[in-house]
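Asks: sequence below, structure please.
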Amino acid sequence: MTSQFQSEHAGDSAQSIGFSFIKAYNIWHRKIKTDLLAIGLTHPQFVTLAALGYLQQQQEEVNQIDIAVNTDMDVMTVSTIVRNLEKQALINRNVSKIDSRAKVITITSQGSFVLNQALKIVEDIDRTYFSVLKEDKNVFNDLLHLLIQKNS
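Replies: Sure thing, here's the model as predicted:
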C-alpha cells in the first residue's frame, strides 16, 4: 500500500521547521494559558491589554485598529476582545477628542492592576522557558523579528 503522506519530512518530522516551531509554541502557550487563567484572563485578552498599555505610553489616543496593527491580530477579533474586557471593567471606550466618530480605548485602574499581574506571570514564563537558549536568546529573538519583517 502506498502512503498518501508525501511530505519531504515523512521520515523525520523533527526536520520540519514549521512542525518544530508549532510544537515549541504549543508548549509555551499551554503554560501561558494555564497561568493567565488563574487571574481570569485569556491569552488574547492579555495580548490586547499589553498592547494597549504599551501604545498608551507612545501615543495620546489608542483605538482598536492601533491594537490590531500592533499585535497583528484581526480587527474583528480585537473588537470582540475589547468588548469582553470592557464588560470586565478592565478597559473603557470613549469618544475620541480628535475624531468624534472614533472610540478611544483606555485601561481602567482595575485593568492596570490585572495587566501588571499578567505581565509578571508572562515575563516569568518567558524568562524560564527561553532560558535554555542561554546566550542564543537574543539571536533567536532577532531571527523571529527577521521572520516577522520579511513575511508581513
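Asks: for the nearest residue to residue 97 once chain neighbours are set aside, what are its contacts?
Replies: Of all residues not flanking residue 97 in the chain, residue 61 sits nearest, at 7.1 Å (CB to CB, 6 or more residues apart in numbering). To be clear about C-beta, it is placed using only N, CA and C from the backbone, and glycine gets the same treatment. Residue 61 makes contact with 96, 97, 98, 102, 104, according to CB atoms under 8 Å, 6 or more residues apart in numbering.
Asks: ok so the third one is a strand residue?
Replies: No: the assignment for residue 98 is coil, going by DSSP: H, G, I helix; E, B strand; the rest coil, so no strand is present there.
Asks: how about residue 49, what does it touch?
Replies: Contacts of residue 49 (CB under 8 Å, 6+ apart): 41, 85, 90, 91, 107, 111, 114, 115, 118.
Asks: tabulate the residues you listed (a markdown table), appending distance to residue 66.
Replies: Below are those laid out as a markdown table (distance: CB to CB, whole Å):
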| residue | distance to residue 66 |
| --- | --- |
| 41 | 20 |
| 85 | 15 |
| 90 | 17 |
| 91 | 13 |
| 107 | 14 |
| 111 | 16 |
| 114 | 20 |
| 115 | 17 |
| 118 | 20 |
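Asks: among those residues, name the buried ones.
Replies: For the contacts of residue 49, a burial check counting by 16 or more other CB atoms under 10 Å picks out 41, 85, 90, 91, 107, 111, 114, 115, 118.
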